[in-house]
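S.K.: following is a predicted model, sequence given first.
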Amino acid sequence: MGEAKIFFMFLVMVFLQGAVSEVHTVGDELQWNTGANFGSWSQKYNFSVGDTLVFKYVKGQHNVYEVTEATYRSCNGSTGVLATYESGNDQIELDQAKKYWFICNIGGHCLGGMRFFIDVKEANSTNIRPPTPQSEPLPPPPPPPASSCATIYVFDGWSFWISLIAFGVLLQL
Ligand SMILES: [Cu+2]
């Protein structure tokens, strides 16, 4: 693969990471339930404006309250409630760069751990991360002729020496 192609793919990856909004299922496969650790879930991801949170749960067993920080800390959902959701498949678009605080307001669930907050960042400035580790293990291009007898064999004498000198110069760059 040519270097130009690799560079192009790198650009595409950077572009995609910066431009495409992400959909985060709260709690991952455990979803919005008692027993999941939402504190550690929320720390696994970066959240940017334009991303969407999806709360999945059995309707009626839980709900989702977006609340103030004070209500998040007290777990008292009688005040400080900014928005409520209870469909069992709640999609919440994160449209502001701010901290979002969420609790479940079914009896005891918030104190039992069904709460978390996220710090949503502006999409443009902070979401372009350095290349992910997945893109780094690309091997460097294999060194030219030195190890390839077949290639050297077809050169006549002059070409061989010129190539050798050129290669030597390249190595010293
Ligand atoms: Cu609940």
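M.R.: Alright, I've got the coordinates.
S.K.: got the buried residues for stretch 52-69?
M.R.: Using 16 or more other CB atoms under 10 Å as the test for burial, stretch 52-69 gives Leu53, Phe55, Lys56, Tyr57, His62, Asn63, Val64, Tyr65, Glu66, Val67. Heads up, the C-betas are built off the backbone N, CA and C, glycines and all.
S.K.: who's in contact with that stretch?
M.R.: Applying CB atoms under 8 Å, 6 or more residues apart in numbering, the external contacts of stretch 52-69 come out as 21-26, 31-33, 71, 77, 80-94, 99-106, 109, 114, 117-118.
S.K.: just the buried ones out of these, please.
M.R.: 24, 26, 31-33, 71, 77, 80, 85, 88, 90, 92, 94, 100-106, 109, 114, 117-118.
S.K.: could you list which of those also contact the ion?
M.R.: Restricting the buried ones among the contacts of stretch 52-69 to those near the ion by CB under 5 Å from the ion leaves Cys104, Ile106, His109, Met114.
S.K.: show the model's pLDDT score for the third one.
M.R.: Here the pLDDT value assigned to His109 is 98.
S.K.: you'd agree it is up against Asn33?
M.R.: No - using CB atoms under 8 Å as the test, His109 is too far from Asn33 to be in contact (9.2 Å).
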